[in-house]
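[1] Fold the following for me, if possible:
(one chain, ligands or ions: 1)
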Amino acid sequence: MRDFLVAGNWKMNGSTASNAELVAGIVAGAPTSGSVKVLICPPFPYLSTVVAQVAGSSVAVGAQTVSEHEAGAFTGEVAPAMLRDIGCEYVIVGHSERRALYGETSFAVAAKFKAALDAGLKPILCVGETLEQRESGSTESVVEVQLGAVIDKVGIAGFATGVVAYEPVWAIGTGMTASPQQAQDVHRHIRNVMAGHDADIAAATQILYGGSMKGENAAGLLAMPDIDGGLIGGASLKAADFLAIAAAAAQG
Ligand code: PEP
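    So this is what the prediction gives:
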């Protein structure tokens, strides 16, 4: 049986003061049930402070992206070992905003996934189709290519540690959520593709849903058999909204 992971992607939001309030609220209200893990992913400048703020709680911290390189002349980049060094446990790789706005290819995302694993981080691989791709019937092939690039790079064993997040691009930040059945169908497909490589790893891998998840729709999504949590943007910026999703997971 897989545990739930409820992950907040703060994107480029927050300040020292607002983060302190948000983290305090999350730490105070995070579910105590061992079957739900809460993760928050603040912007780079706040990671160390947030790691200190969650110390002693069950809340984990991750970054929103990472370099594929170990160290060296890569101005502006952050190495995976640095994230481990300051106490991050997870890192998001291949978020659709990184792919669309910063030109990250599936090849580059796979390199980041590998670098994260090598440094002892748990990478969360984001996959998902645009509206145009969904309407042309290519959702399954799009996620297969995105997932396949990582499997080619690290083997299916990479998902003994890694997590997948299915995030339909048309649902991110739009208020349009995939229906539980739409999401379940893609999650099942992802798990089936993984099972073609290793059934045990496929059965154990957490596959999160992301795309306008909120308290009101979380229970329906999290009740689906292949949805193991959420990657949450907008609703992760208010403790009450984020905790409502975590509470739905605790009941799921
Ligand atoms: C995200 O950015 O990963 C996301 C799912 O955002 P939102 O919840 O705002 O749609």
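[2] ok, the residue of the stretch 101-250 of the chain found nearest the ligand - how many residues close by?
    Relative to the ligand, the nearest point of the stretch 101-250 of the chain is residue 233 (2.2 Å; CB to the nearest ligand atom). C-betas here are computed from N, CA, C, even on glycine. By other CB atoms under 10 Å, 22 other residues sit near residue 233.
[3] In the chain, mark out all the helices, start to finish.
    Counting by DSSP state H, the segments of the chain that form helices are 16-29, 47-54, 80-85, 96-101, 106-118, 131-135, 139-154, 180-195, 199-204, 215-222, 239-251.
[4] Now the residue of the stretch 101-250 of the chain closest to the ligand. Nearest residue, chain neighbours left out?
    Spatial nearest neighbour of residue 233, chain neighbours left out: residue 9 (5.1 Å); criterion: CB to CB, 6 or more residues apart in numbering.
[5] List the contacts of the one you found.
    Residue 9 makes contact with 41, 64, 92, 95, 210, 231, 232, 233, 236, according to CB atoms under 8 Å, 6 or more residues apart in numbering.
[6] Enumerate the beta-bridge partners assigned to it.
    Note on residue 9: beta-bridge partners residue 41, judged by DSSP bridges.
[7] quick revisit: mean neighbour count and distance to residue 167 for the helices of the chain - can I get that in TSV?
    Shown next, in TSV, are the helices of the chain (neighbours: other CB atoms under 10 Å; distance: least, CB to CB, whole Å):
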stretch	mean neighbour count	distance to residue 167
helix 16-29	16	21
helix 47-54	19	22
helix 80-85	19	21
helix 96-101	17	6
helix 106-118	21	13
helix 131-135	14	13
helix 139-154	19	10
helix 180-195	18	10
helix 199-204	14	19
helix 215-222	20	12
helix 239-251	20	15
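[8] Using a markdown table, lay out those helices together with mean pLDDT.
    Formatted as a markdown table, these follow (pLDDT from 0 to 100):
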| stretch | mean pLDDT |
| --- | --- |
| helix 16-29 | 98 |
| helix 47-54 | 98 |
| helix 80-85 | 98 |
| helix 96-101 | 97 |
| helix 106-118 | 98 |
| helix 131-135 | 96 |
| helix 139-154 | 98 |
| helix 180-195 | 98 |
| helix 199-204 | 98 |
| helix 215-222 | 97 |
| helix 239-251 | 96 |
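[9] Include distance to the ligand when you put the ones you listed into JSON lines, please.
    Compiled in JSON lines, the helices of the chain are given as follows (distance: least, CB to the nearest ligand atom, whole Å):
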{"stretch": "helix 16-29", "distance to the ligand": "15"}
{"stretch": "helix 47-54", "distance to the ligand": "18"}
{"stretch": "helix 80-85", "distance to the ligand": "18"}
{"stretch": "helix 96-101", "distance to the ligand": "7"}
{"stretch": "helix 106-118", "distance to the ligand": "14"}
{"stretch": "helix 131-135", "distance to the ligand": "14"}
{"stretch": "helix 139-154", "distance to the ligand": "15"}
{"stretch": "helix 180-195", "distance to the ligand": "12"}
{"stretch": "helix 199-204", "distance to the ligand": "23"}
{"stretch": "helix 215-222", "distance to the ligand": "11"}
{"stretch": "helix 239-251", "distance to the ligand": "10"}
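[10] hang on, the earlier thing: narrow the contacts of residue 9 to those in strands?
    Among the contacts of residue 9, the ones falling in strands (DSSP state E) are 41, 92, 231, 232.
[11] Tally up the residues packed near the first one, please.
    This points to residue 41. By other CB under 10 Å, 27 other residues sit near residue 41.
[12] Look at it and report its pLDDT.
    Listed pLDDT for residue 41 reads 98.
[13] From residue 199, how far off is it?
    In this view, residue 41 and residue 199 are 30 Å apart by CB to CB, to the nearest Å.
[14] Same check on residue 133?
    Residue 133 is 28 Å from residue 199, where distance means CB to CB.
[15] Over to residue 216?
    Note on residue 216: its distance to residue 199, by CB to CB, is 35 Å.
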